[in-house]
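>>> The following block contains a protein sequence and its predicted model.
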Amino acid sequence: MTIEPELRQIHDAAEKGDLQRLSDLLSANPSLINTTDDMGCCPLRYAAMNGHERAVELLLKLGANVNTQDDVAGWTALHSAASEGYAETVKILLEHDAEVNVVTVDEHHWTPTQLAAIQGHVLAVKLLLEHGADISVLDAEGCSLLQNAFSEAQAYRNEGDLENAGRLLKVMEILAISDADNAVYHIEAALEIIARYDNTGDMYQRGTLQEYDQALKHLNQGRELKRKLGQDFDKHLDELHGHIGMGYDLKSKKAAGK
C-alpha cells in the first residue's frame, strides 16, 4: 500500500466519522495522523467540518495536532466546526487547547468566532467567548464581529428570511452584551429589535416582553458607554429610550397581573 492511497483512506474515514477504519489505519501507520492532502486539510479537519465528535476525540487521543492550519486559507479544525455550528465539536476542540483567536491567512482574516457569528451559530459563539475569544478583533476589511453580524441580519431581513435574521439578532445580543466598548452597536442591536414593528405603538401591541427587555438592556448599556465618553443620546434616541422603558414597565405589570 502506497502513501497516496493511505492518505485518501484516512481522510475519507475522518470525513465519514468511521471510527473503526480510523483506528485500523492509524494502528498500521501512526504517521498518517497529521498528514495533509493537496488542500492542506488533515484528518482532524475533515472530522471537525462534518461534526463527527467521536472521530475528533479519537484523533486527538491518538496525537492529532489541534491547531494545524491548512495550506490554502489557514483554517483550523476549530474554524471548520465553528463555521458549521457544531457546538459539541467546538467544545471538544477548545478543551484540547485549540487556539481560539487564530486568524485565517486568506483575504478575510477570520477567526473561528467571526465565522460562527456571521452564520448565526449562537451556541458556538457562546462557547468561543467563554474560552477567551477576542471580541474586538477585526477582519481584513476592518469590520468587527458585531458589524458583520448586523450586516448579515439586515441582509436576511431584506430577503424576508426572518428565521435566519432572528438567529443573527441573538448572536448580536450576545456580542453586544460582551463588548464593553462598543456603544454604537448596542444602539444598533436595540434599533434592529424595534425595527421589526411599524412604530413603538405597534411594538407595544404585538411585541413581547422579552423583546422589550433586550432592547432596553442594549439602550441602557449604549447610554452608559456614551456617558463614559462624555456624550449622551440625541433627542430622538432619548425619546425612543423613554418609550421603550415605559413599554417595558407596562408589559411587566401586565405579565405580573397588576
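Structure's in. What do you need?
>>> What ranges does this structure have for its helices?
Counting by DSSP state H, the chain has helices at residues 3-16, 19-28, 43-49, 53-61, 77-84, 87-95, 112-118, 122-130, 145-158, 162-178, 183-194, 200-206, 209-228, 235-255.
>>> Which among those helices is found nearest to V105?
helix 77-84 (11.2 Å; C-beta to C-beta). The way it works is simple: take the backbone N, C-alpha and C, and place the C-beta from them, glycine included.
>>> With just CA atoms, put the closest one into PDB.
Extracted as PDB, the C-alpha positions of helix 77-84 are listed here (Å, rounded to 0.1, in the frame of the first residue of the first chain):
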ATOM      1  CA  ALA A  77     -10.400  22.300  12.700                       C
ATOM      2  CA  LEU A  78     -11.900  25.000  15.100                       C
ATOM      3  CA  HIS A  79     -12.600  27.300  12.100                       C
ATOM      4  CA  SER A  80     -14.500  24.500  10.400                       C
ATOM      5  CA  ALA A  81     -16.500  23.300  13.400                       C
ATOM      6  CA  ALA A  82     -17.400  26.900  14.300                       C
ATOM      7  CA  SER A  83     -18.400  27.800  10.800                       C
ATOM      8  CA  GLU A  84     -20.800  24.800  10.600                       C
END
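>>> tell me the mean pLDDT for that helix?
The average pLDDT within helix 77-84 is 98.
>>> and it, how far out from the chain's middle?
Using C-alpha atoms, centre = their mean, to the nearest Å, the mean C-alpha position of helix 77-84 is found 10 Å from that of the whole chain.
>>> okay, the angle between it and helix 87-95?
Here helix 77-84 points in a direction 160 degrees away from that of helix 87-95 (axes from the mean of the first three to the mean of the last three C-alpha atoms, to 10 degrees).
>>> gap between L93 and A124?
Separation of L93 from A124 (C-beta to C-beta, to the nearest Å) stands at 11 Å.
>>> Ok, H218 next?
Note on H218: its distance to A124, by C-beta to C-beta, is 22 Å.
>>> Quick one: closest of the helices of the chain to S136.
Closest of the helices of the chain to S136 is helix 145-158, at 8.6 Å (criterion: C-beta to C-beta).
>>> For L93 and A124, list the residues in contact with both.
A81 (C-beta atoms under 8 Å, 6 or more residues apart in numbering).
>>> Report the contact partners of I118.
I118 makes contact with N148, A149, E152, L168 under the criterion C-beta under 8 Å, 6+ apart.
>>> To clarify, my last question referred to E99.
Contacts for E99 (C-beta under 8 Å, 6+ apart) come out as N67, T76, L78.
>>> TSV for the helices of the chain, including distance to S136?
Formatted as TSV, the helices of the chain follow (distance: least, C-beta to C-beta, whole Å):
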stretch	distance to S136
helix 3-16	34
helix 19-28	38
helix 43-49	26
helix 53-61	29
helix 77-84	18
helix 87-95	19
helix 112-118	11
helix 122-130	12
helix 145-158	9
helix 162-178	10
helix 183-194	12
helix 200-206	32
helix 209-228	14
helix 235-255	24
